[in-house]
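Participant: With the sequence up front, the predicted model follows.
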Amino acid sequence: MAEKLVIKVTAGADAPERCSQAFTVAAVAAASGVEVSLWLTGESAWFALPGRAAGFALPHAAPLPELIETVQGGGLITLCTQCAARRDITQADVLEGVRIAGAQVFVSEIMKDGVRALVY
């Protein structure tokens, strides 16, 4: 089994099922004891802001704020540097525990032994 799971979510409210799937897989992995690194890119970048996940709803899906809390309990959430800049989001704006980092950090995470990467 992989020692770490890196998930990049590129969708937000614009593609709710894909978005929810990424957060659900990340939360299930974290709850199962897998080390998780969840990357917010594209429209999912907005979910790095306090209160934004509460406005997301998808029938028959777990609430996004609960999924984020589960991921944070067993992993790390990263907001893409360029995605943040395009939306005028700074480190001072994001949820506690969310870091802002770029492609170099993403690549260094996914290239290590024992890592699996998924993109939604």
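Facilitator: That came in fine, so what should we check first?
Participant: Point out where this protein drops to low pLDDT.
Facilitator: 1-2 (pLDDT under 70).
Participant: one more time with 90
Facilitator: 1-3, 74 (pLDDT under 90).
Participant: Nearest residue to the middle of it?
Facilitator: Note on the chain: the residue nearest the mean C-alpha position is residue 38, at 3.5 Å, using C-alpha atoms, centre = their mean.
Participant: Assess the claim that that one and residue 80 are in contact.
Facilitator: No - counting by C-beta atoms under 8 Å, residue 38 does not reach residue 80; the two are 11.4 Å apart. In this view, the C-beta of every residue, glycine as well, is placed from N, C-alpha and C.
Participant: For the longest helix seen in the chain, list every residue counted as buried.
Facilitator: Using DSSP state H, we find that the single longest helix of the chain is helix 16-31. Residues of helix 16-31 classed as buried by neighbour count (16 or more other C-beta atoms under 10 Å): 16, 19-30.
Participant: Distance from the chain centre to stretch 92-103, please.
Facilitator: In terms of C-alpha atoms, centre = their mean, to the nearest Å, the centre of stretch 92-103 is found 11 Å from the chain centre.
Participant: can I have it written out in PDB, keeping just the CAs?
Facilitator: What follows is stretch 92-103, C-alpha atoms only, in PDB (Å, rounded to 0.1, in the frame of the first residue of the first chain):
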ATOM      1  CA  ALA A  92      -3.700  35.700   5.600                       C
ATOM      2  CA  ASP A  93      -7.000  34.800   3.900                       C
ATOM      3  CA  VAL A  94      -7.000  31.000   4.000                       C
ATOM      4  CA  LEU A  95      -8.200  28.500   6.600                       C
ATOM      5  CA  GLU A  96      -5.900  27.800   9.500                       C
ATOM      6  CA  GLY A  97      -3.400  25.000   8.500                       C
ATOM      7  CA  VAL A  98      -3.700  25.600   4.700                       C
ATOM      8  CA  ARG A  99      -0.400  26.400   3.000                       C
ATOM      9  CA  ILE A 100       0.200  28.100  -0.300                       C
ATOM     10  CA  ALA A 101       2.800  26.400  -2.500                       C
ATOM     11  CA  GLY A 102       3.700  25.900  -6.100                       C
ATOM     12  CA  ALA A 103       4.400  23.300  -8.700                       C
END
